[in-house]
Each structure stands twice: as C-alpha cells, then as structure tokens.
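> Sequence unavailable; structure follows:
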C-alpha cells in the first residue's frame, strides 16, 4: 500500500535538481555513460572482470518495461569503488536507453559534502542519504519509492511547482483526471534503483572474507510502499575489495591508488526474486496499513506503521529474506563456504558498534568498522536519537 504524502516528499526531494530539463537529462546521461565507459576501460586494462548470468538481468529489465514496473537490484557492499566500477563490468548494451541508467543511494557525507560533488553525483543519478540518525524515513528513501512507482498508478492529489502542466496518462481515478501533475523527473518508464542494503563497506579477514552485514530497513520501504511491486534481482560481487582495500582507508595517498593489478573481478547476477514472495510481503503490509491508519492524515504513514512492533517485525523479515537471496548466490553459485550464522543477526552487529569492534576477537575487520558512530564525520546536523531497528515497547 502506498501513501500520497510519501510520494509527494519523494517528488520534492527529486525536484531539488532540474531533472525535468532536457539539458539536465542530456548531461546526466553523458555523466553516467562517461562513468560506465571510463570504468570499463580501466577494468579491462588492469584487471580481469567477468559477469555471470547477465541474461538474468536483461530478462528482468525487459519484464519491468513490458509490465510498467520499476526494477530493483540488490548487492553486497565490498568496496568504496563498488559504484561505479560494477557498472563498468556489465556490457554496454545494458545502457542503450536513458531509463536503463540506474539510480542509487549515496552517503551525504561522502558524495554530497561540497556543492561541486553534489552536482556531479546528482547528475550521476545518486540520491543523497544520511546515515546514523535519520533512519529509513528520510527524503532519499521516499524518492526511491517514488522512482519505482509508475506515474499512472497513483492518486494525483497534489501539484508540484512547475511552469508546465500535463495530465498523467492512464489514470484510472476519474475524479482526479483534471488535476494537473508534473513529475519532477523526465522519464517515460519506471526507474531502475540499485541498493547496497548493508549501508557500509564491509571487508573482513579470512576466514570470514566476502561475508555481509545484516540488511537495513530502508530497502524494505522500496518493496512495500511502491505503487506496484518492483522486479527485484539480487547480485553478488567479489574483487572490488582488491582494487580499494580498506587497509588504506584514512591515508592521504594510498587510499586513492588502485592496487593488485590483474586481480579477478566477478559480478554474479541471481534469479529474479519470486513474485509470490514479494506479493506476500506486500499483502502483510496492506493488512497493517488497514489496521493502523493515520487517523489525523490518512495520506501518510502512522507512527505505528513506522515504529510499531508488527511493522518492525515485517521489515526485519523482508530485509532478512532479501539478504538470504544475495547469500545464496555467494555459496550456491560462487561456492564460498556458508557464512557464520552470527552475521545474519542485527543484534550481533550492533554489539560491534557499541564496543568499537571488539565484541568478538575472532572476527577481524580490514581497516575500520565504519558502522561505529564515532567514525562518522557529519554528526552536527543529526538528531541525538539513533533510530533502532526494533523499538522496544
């Protein structure tokens, strides 16, 4: 079930940049293609990139277009160069149309810390996301929900500021047909949104290399709150940690110098996640929305739908289920040994955050545990309250 106020906040977030401008879109497409082409040349010159089962992604892209649905890809986060280097590994035919350029979420303190960087990453279709304190209910997540929602599947009860007006095609709500609506993004198809649900780069020493943190709740909003269920494809990558090992983090020179030339870079595409599974998650969400409406504003999420026990349990289940699909690629198709069961637990990882990474001496980070709040350099504009995954009653 979707909420108009969520969609409006998503539109407002996207409207911060002139994304309806044809010039902006041309510059954005150029920026993305330069990034893709440049990283592809670099990868092929200095490393051994390989993509497995690309036909699965291409099939999902075709399905999303034919069924007027958003496309969502989910991947582990091994390195600061995962994006954009992963897109240089995929074949160029993936990017023949503008709507096939992926959107992703990027840390505000890294990608948007100066006006120049903010312009560049916005042109690269990155949504500024704040970590530690903002949680899953922030503008970038609303914007991602909006991007995955086709224009003709919503109740258009608001009109974003614009000099131009038009009526959305295919709107079944005849009582709203005369409402003027201009989406803030110039497009003719729902978007492709790529996410790294761990939220932070994770590199661990052997024998735990290529393991993952738990998946955060923001990803579940994209699935539960979009107007139509997105087509969801899991991905798993290895090798990018060799290009940019976290052992060099914090250094002035080494951090920006690639290394381990000739290393294998592998990106594996999984099977599309079952439609029946996603529909079951969304059915549970709809029941909760009907059970816990926002009586003061029916067009928005209620506090119970944000922080209530049942909503939190559903988000935890969805996030864990998505993580399992990525983990299956890791051990069933890439033949890594099964992960340590502790790594599936949010509570176990949060002990690391509380204790500066010393909770379990047998698990050693390469570089820093970036999920420790102390290491974040942008706390001034955040609330003191950290939103926890499962609030206590």
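Arrived safely. Remember, predicted model here, so these are calculated numbers, not experimental data.
> Next up, the contacts around residue 273.
Contact analysis of residue 273 by Cβ atoms under 8 Å, 6 or more residues apart in numbering lists 232-234, 322, 325. (Each C-beta comes from the backbone N, C-alpha and C, glycine too.)
> I'd like the list of those residues that fall within helices, please.
If you go by DSSP state H, those have 322, 325 in helices.
> could I get the contacts of residue 273 as CSV with neighbour count?
Output for those, formatted as CSV (neighbours: other Cβ atoms under 10 Å):
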residue, neighbour count
232, 24
233, 26
234, 25
322, 24
325, 20
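> With pLDDT and distance to residue 246 as added columns, please give the contacts of residue 273 in JSON lines.
Shown next, in JSON lines, are the contacts of residue 273 (pLDDT from 0 to 100; distance: Cβ to Cβ, whole Å):
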{"residue": "232", "pLDDT": "98", "distance to residue 246": "28"}
{"residue": "233", "pLDDT": "98", "distance to residue 246": "27"}
{"residue": "234", "pLDDT": "98", "distance to residue 246": "23"}
{"residue": "322", "pLDDT": "98", "distance to residue 246": "24"}
{"residue": "325", "pLDDT": "98", "distance to residue 246": "25"}
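> ok, of the contacts of residue 273, which one's closest to residue 275?
Within the contacts of residue 273, the smallest distance to residue 275 is 9.3 Å, found for residue 232 (Cβ to Cβ).
> so that closest one makes contact with residue 278?
Yes - in this structure residue 232 lies within contact range of residue 278 using Cβ atoms under 8 Å: 6.5 Å.
> shared neighbours, those two?
Common neighbours of residue 232 and residue 278, using Cβ under 8 Å, 6+ apart, are residue 223.
> Which two among the contacts of residue 273 are spaced furthest apart?
Checking the contacts of residue 273 with Cβ to Cβ, the most distant pair is 233 and 322, at 10.9 Å.
> Tell me the residues that contact both of those two, please.
Both residue 233 and residue 322 are contacted by 74, 273, under the criterion Cβ under 8 Å, 6+ apart.
> Would you mind measuring from the spatially closest residue to residue 300 that is not a sequence neighbour to residue 258?
Spatial nearest neighbour of residue 300, excluding adjacent residues (Cβ to Cβ, 6 or more residues apart in numbering): residue 5 at 3.9 Å. Using Cβ to Cβ, to the nearest Å, residue 5 is found at 45 Å from residue 258.
> And for residue 115?
Taken as Cβ to Cβ, the span from residue 115 to residue 258 is 28 Å.
> ditto for residue 146
Distance from residue 146 to residue 258, by Cβ to Cβ: 36 Å.
> State the pLDDT value of residue 101.
For residue 101, the model assigns a pLDDT of 93.
> Once you drop chain neighbours, what's closest to it?
residue 32 (4.8 Å).
> List the contacts of that neighbour.
95, 101, 123-125.
> who wins for most neighbours among those?
Counting neighbours by other Cβ atoms under 10 Å, residue 125 leads these with 23 neighbours.
> which residues of the stretch 251-393 of the chain score low on pLDDT?
376-393 (pLDDT under 70).
> Run through the strands of it in chain order.
264-269 (DSSP state E, counting those that start in this stretch).
> With the stretch 101-250 of the chain instead?
102-107, 126-129, 192-195, 231-238.
> For residue 252, find the nearest of the ones you listed.
For those, proximity to residue 252 was assessed by Cβ to Cβ; strand 102-107 is nearest, at 20.1 Å.
> any residues touching the closest one, and which ones?
Contacts for strand 102-107 (Cβ under 8 Å, 6+ apart): 73, 83, 87, 112, 121, 125-131, 140-141, 144, 147, 191-196, 218.
> Given it, what are its sheet partners and their directions?
Note on strand 102-107: by DSSP bridges, its sheet partners are strand 126-129 (parallel), strand 192-195 (parallel).
> Name whatever forms a beta bridge with the closest residue to residue 63 other than its chain neighbours.
Residue nearest to residue 63 in three dimensions, not counting chain neighbours: residue 231, with 5.5 Å by Cβ to Cβ, 6+ apart. Legend: beta-bridge partners of residue 231 under DSSP bridges are residue 71.
> could the strands of the stretch 101-250 of the chain be laid out in CSV, adding distance to residue 293?
Shown next, in CSV, are the strands of the stretch 101-250 of the chain (distance: least, Cβ to Cβ, whole Å):
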stretch, distance to residue 293
strand 102-107, 29
strand 126-129, 28
strand 192-195, 27
strand 231-238, 27
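> Compare those and give me the one nearest residue 185.
strand 102-107 (9.3 Å).
> So residue 146 and residue 258 - more neighbours on which side?
Set residue 146 next to residue 258 and count neighbours by other Cβ under 10 Å: residue 146 wins out with 28 against 14.
> That one contacts residue 12, doesn't it?
No - with contact defined as Cβ under 8 Å, residue 146 does not reach residue 12; the gap is 9.5 Å.
> Quick check: neighbours shared by these two?
Joint contacts of residue 146 and residue 12 (Cβ under 8 Å, 6+ apart) do not exist.
> any idea how far residue 219 is from residue 355?
Applying Cβ to Cβ, the value for residue 219 to residue 355 is 26 Å.
> So between those two, which is more surrounded?
Each of residue 219 and residue 355 has its neighbours counted (other Cβ under 10 Å); residue 219 has more, 27 against 12.
> The nearest residue to the more buried one once chain neighbours are set aside: how many residues sit nearby?
Using Cβ to Cβ, 6+ apart and skipping the chain neighbours, the partner closest in space to residue 219 is residue 197 (4.3 Å). Around residue 197 there are 23 other residues, counting by other Cβ under 10 Å.
> Please apply the same query to residue 50.
The tally of other residues near residue 50 (other Cβ under 10 Å) stands at 12.
> sorry, back to before: how about the residue nearest to residue 63, what does it touch?
60, 63-64, 67, 69-72, 272.
> Now rank these by neighbours and give me the top one.
residue 72 (30 neighbours).
> Got the confidence number for that residue?
98.
> for it, what are its contacts?
Applying Cβ under 8 Å, 6+ apart, one finds that residue 72 lies in contact with 148, 192-195, 222-223, 230-233.
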